[in-house]
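Asker: Here is a sequence together with a model predicted from it:
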Number of protein chains: 4
Amino acid sequence: MSEVSQDDISGWLPPDRLEWARRKLPMVYVDIVPVRIDARGVVRSVGLLLRPNRDAGLSRSLVSGRVLFHEQIRDAILRHIEKDLGPVSLPRLPAGLQPFTVAEYFPTPGVTAFHDPRHHAVSLAYIVPVDGDCQPQQNALDLAWLSPVEVLDPVVQAEMVPGHATIVRAAMTHSGLA
Amino acid sequence: MSEVSQDDISGWLPPDRLEWARRKLPMVYVDIVPVRIDARGVVRSVGLLLRPNRDAGLSRSLVSGRVLFHEQIRDAILRHIEKDLGPVSLPRLPAGLQPFTVAEYFPTPGVTAFHDPRHHAVSLAYIVPVDGDCQPQQNALDLAWLSPVEVLDPVVQAEMVPGHATIVRAAMTHSGLA
Amino acid sequence: MSEVSQDDISGWLPPDRLEWARRKLPMVYVDIVPVRIDARGVVRSVGLLLRPNRDAGLSRSLVSGRVLFHEQIRDAILRHIEKDLGPVSLPRLPAGLQPFTVAEYFPTPGVTAFHDPRHHAVSLAYIVPVDGDCQPQQNALDLAWLSPVEVLDPVVQAEMVPGHATIVRAAMTHSGLA
Amino acid sequence: MSEVSQDDISGWLPPDRLEWARRKLPMVYVDIVPVRIDARGVVRSVGLLLRPNRDAGLSRSLVSGRVLFHEQIRDAILRHIEKDLGPVSLPRLPAGLQPFTVAEYFPTPGVTAFHDPRHHAVSLAYIVPVDGDCQPQQNALDLAWLSPVEVLDPVVQAEMVPGHATIVRAAMTHSGLA
């Protein structure tokens, strides 16, 4: 098998090809729980985006997205945080990349706790403190900072993209707050 | 975007399409460190396969392979263990799937500690005890069970596929043996 | 400071001295979630002991106990499992001892999610599959194997020692089942 | 058993009593690897203290110390960092307290990779980025910031307190740098 050339590294995919790939290969994703922490490292609030969903309603979601070809996980995390929270959010990435959980999103409902009709994605989940100014970007209508108690409230959980509700609960458990 | 149909779930890819995808998308992989443990859970030996490599020599390697479309990580782990160690190895998968490390294989050398000319792969690494009878399969010439001290020996490390040497060291560190 | 002699290694403490120490030093504990797993490593049931509690009622609890002086964590885990589940439970200890969570039990309620009026204990929590025959020992009246859904049921959670309810939820989260 | 009173919470121990306890009970410790990270979270340097050792020589060491009675792990981490690096080091504690490794220091050499003639200690190890100004305190003669390559150099490893050399290697492995 020949090696990958410099040309290949762009990793750009025309939409129809990406669409095809989403039905043939698992995608690599990152799910990021943006948090405000205090001086002791305790999570004080969790940032949730409010976005239009596929059912013409609104859903709360985490920062999330694809890892591109030839992109390191750290760079994908930074890119998606900048895309969703703006350029001055000052994220604090962890020194190690062991995820606190791995989410397996399946296009078929019920296979795992994670369902995404678009594709099969294996998503590495990280808690990332942000110190700077965060603003909702693109199609997000709002960015709400909710306390750990609030994000675990069943009403808020029900407003979230289903897989993200599970990831937020796992993040609070990992932080000793659930 | 339409949903994934039952037909798509086969996930079978003609070789040329898989080849194309390997230059456009990161692949999802698992790297498995097969071990024999004693009654206290201490790793007594690590199983390394001996296989022909691309340079017409022989290299030692771990159990490793791709996660297929619509395949759960647990099933990919079991499939690759069966493919490499045979059908009666009796693997003991962990209750949780938090990997002990994540390896990022890049087609370009030097980007990370992990290089694979074939593709960009994000690999979740797990230590999996096997209780049963293990036999090298397919193109593997041998399966050697080496002690933790032996697998960390520079001579053995030099005989390994480079990324796998790093993963075995991390596995021994995670097990308190390095 | 002189070195520890062989005599010291017994680690035996008269009850009044242990009582004194419990008010002066944090104790090292292990909390073990005994589980039955299937061939894919998925948790099928969780073992909960039923014991008299301080309020003359009954509570469900995990396998739990102190790490003794000069005792390794692995040996403490095995000793407490044998003490609580009997000598033929065939526990499968993990290759690595990174706990899935650390519980800080405080004698003062409300400091953390974990309260124990007897002492301050720092407890390392592990999920341990058991393959053999388990029987309640000593003062335990029953050992019940409950499904992940059942152990998360609010009624069962309310029947548990409070800190243990939190640990079981974290164990299910770690296993991808909550 | 009666509950712990407010008076007990001071946790102060006369030296002879602490000495006695060190031979009867495992101590709870934290081992902290202080690091400088870049904007991507990559460890750029590791802070090592230089201190007189028991053999009238000098050894390099991590930030390390006991968790006191009724002290939370987070507060012990902050207290020891302030004690060793000064009051304006601006440590960034992780949101979750799952340690990257657990070190078991035994007073008898050879039981584990960790030996401490003073006591048996169970130590939770954390990587903690520091953003501020760090100055060696008390009996430390120097604080050196070494690159990941330098801290893994056998000469530097040999200059370290033995258990700390192992923990630094594990920290670099956890950070993907070893």
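Answerer: Good, I have the coordinates.

Asker: Isn't A:Leu68 up against A:Val30?
Answerer: No: distance between A:Leu68 and A:Val30: 11.1 Å, which falls outside the contact criterion (C-beta atoms under 8 Å). Where you see a C-beta, it was placed from the backbone N, CA and C, and this is true even at glycine.

Asker: Return the set of buried residues in the host helix or strand of A:Leu78.
Answerer: Using DSSP states H and E, A:Leu78 sits in helix A:73-85. Neighbour-count burial for helix A:73-85, counted by 16 or more other C-beta atoms under 10 Å in any protein chain shown, picks out A:73-74, A:76-81, A:84-85.

Asker: shared neighbours, A:Leu68 and A:Val30?
Answerer: Common contact partners of A:Leu68 and A:Val30 (C-beta atoms under 8 Å, 6 or more residues apart in numbering or on different chains): A:Ala76.

Asker: Who has more neighbours out of the two?
Answerer: A:Val30 (26 against 20; other C-beta atoms under 10 Å in any protein chain shown).

Asker: where along chain A do the helices fall?
Answerer: Here chain A has its helices, by DSSP state H, at A:15-21, A:73-85, A:148-151, A:154-159, A:162-174.

Asker: For B:Arg51, find the nearest of these.
Answerer: In terms of C-beta to C-beta, the element of those nearest to B:Arg51 is helix A:73-85, at 28.1 Å.

Asker: for that closest one, packing partners?
Answerer: strand A:27-37, strand A:63-66, strand A:121-129 (3 or more C-beta pairs under 8 Å, 6 or more residues apart in numbering or on different chains; DSSP states H and E).

Asker: how far is the least confident helix or strand in chain A by mean pLDDT from where the chain is centred?
Answerer: Across the helices and strands of chain A, mean confidence by mean pLDDT, DSSP states H and E is lowest for helix A:15-21: a mean of 88. Distance of helix A:15-21 from the chain centroid (C-alpha atoms, centre = their mean, to the nearest Å) equals 21 Å.

Asker: ok, and what's touching it?
Answerer: Contact with helix A:15-21 is made by A:13, A:27, B:1, B:21, B:24-25, as judged by C-beta under 8 Å, 6+ apart.

Asker: mind putting those residues in CSV, neighbour count included?
Answerer: As requested, the contacts of helix A:15-21 are exported to CSV (neighbours: other C-beta atoms under 10 Å in any protein chain shown):
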residue, neighbour count
A:Leu13, 16
A:Met27, 22
B:Met1, 9
B:Ala21, 20
B:Lys24, 20
B:Leu25, 25
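
Asker: Between those residues, which sits nearest chain C?
Answerer: Taking C-beta to the nearest C-beta as the measure, chain C sits nearest to A:Met27 out of the contacts of helix A:15-21, at 18.9 Å.

Asker: Look up which residues are beta-bridged to the closest one.
Answerer: Beta-bridge partners for A:Met27, by DSSP bridges, are A:Ala121.

Asker: And the pLDDT for it?
Answerer: Looking at A:Met27, its pLDDT stands at 97.

Asker: Pretty sure it sits against A:Leu124.
Answerer: No: look at A:Met27 against A:Leu124 with C-beta under 8 Å: they stay out of range, at 11.8 Å.

Asker: what about A:Gly86, how many neighbours?
Answerer: 16.

Asker: Leaving aside the residues adjacent along the chain, what's closest to it?
Answerer: Leaving aside its sequence neighbours, A:Gly86 sits nearest to A:Gln135 (C-beta to C-beta, 6 or more residues apart in numbering or on different chains; 4.4 Å).

Asker: Check chain A for the residue nearest chain C and tell me.
Answerer: In chain A, the residue that lies nearest chain C is A:Thr173 (4.5 Å; C-beta to the nearest C-beta).

Asker: how many neighbours does the closest residue in space to A:Leu50 that isn't next to it in sequence have?
Answerer: Spatially, and ignoring its direct neighbours in sequence, A:Leu50 is nearest to A:Asp142 (4.0 Å; C-beta to C-beta, 6+ apart). A:Asp142 has 11 neighbouring residues, counting by other C-beta under 10 Å.

Asker: Show the contacting residues for A:Asp142.
Answerer: A:49-50, A:136.

Asker: same thing but 10 Å
Answerer: A:48-51, A:58, A:60, A:136 (C-beta atoms under 10 Å, 6 or more residues apart in numbering or on different chains).

Asker: and it, how far is that from A:Leu152?
Answerer: A:Asp142 sits 20 Å away from A:Leu152, taking C-beta to C-beta, to the nearest Å as the criterion.

Asker: Same check on A:Leu97?
Answerer: A:Leu97 sits 26 Å away from A:Leu152, going by C-beta to C-beta.

Asker: So which of those two has more stuff around it?
Answerer: Using other C-beta under 10 Å as the criterion, A:Leu97 and A:Leu152 rank with A:Leu97 on top: 22 against 18.

Asker: How about that one, nearest residue that isn't a chain neighbour?
Answerer: B:Val102 (5.3 Å).

Asker: Run through the bridge partners of that neighbour.
Answerer: Counting by DSSP bridges, B:Val102 forms beta bridges with B:Leu124.

Asker: My guess is A:Ala95 contacts D:Ser45. True?
Answerer: No: A:Ala95 sits out of contact with D:Ser45 when judged by C-beta atoms under 10 Å, with a separation of 11.7 Å.

Asker: and for the two, which residues touch both?
Answerer: With C-beta under 10 Å, 6+ apart, A:Ala95 and D:Ser45 have common neighbours D:35, D:37.

Asker: So the two - more neighbours on which side?
Answerer: Taking neighbours as other C-beta under 10 Å, A:Ala95 and D:Ser45 compare with A:Ala95 leading, 23 against 17.

Asker: residue contacts, that one?
Answerer: D:33, D:35, D:37, D:41-43, D:92, D:94, D:100, D:126-129, D:171-172, D:174-177.

Asker: A:Leu97 now?
Answerer: A:30, A:72-74, A:77, A:124, A:126, B:99, B:101-104, D:41, D:174-176.

Asker: Need the pLDDT of A:Ser2.
Answerer: Per the predicted model, pLDDT is 49 at A:Ser2.

Asker: pLDDT below threshold where in chain A?
Answerer: Within chain A, the stretches with pLDDT under 70 are A:1-11.

Asker: Out of the contacts of A:Asp142, which end up buried?
Answerer: For the contacts of A:Asp142, a neighbour count by 16+ other C-beta under 10 Å gives the buried set as A:48-51, A:60, A:136.

Asker: Let's see which of the residues you listed end up in strands.
Answerer: Applying DSSP state E to these, the entries found in strands are A:48-51, A:60.

Asker: What is the nearest of those residues to B:Pro109?
Answerer: For these, the nearest to B:Pro109 is A:Leu49 (37.9 Å; C-beta to C-beta).

Asker: Can you give me the separation between the closest residue to the closest one other than its chain neighbours and C:Leu177?
Answerer: Excluding the flanking residues, the one nearest A:Leu49 by C-beta to C-beta, 6+ apart is A:Ala140, at 4.5 Å. A:Ala140 sits 31 Å away from C:Leu177, going by C-beta to C-beta.

Asker: got it, and A:Ile81?
Answerer: Separation of A:Ile81 from C:Leu177 (C-beta to C-beta) stands at 29 Å.

Asker: do the same with A:Glu71
Answerer: From A:Glu71 to C:Leu177 the distance is 32 Å (C-beta to C-beta).

Asker: Same question for A:Asp153.
Answerer: 22 Å.
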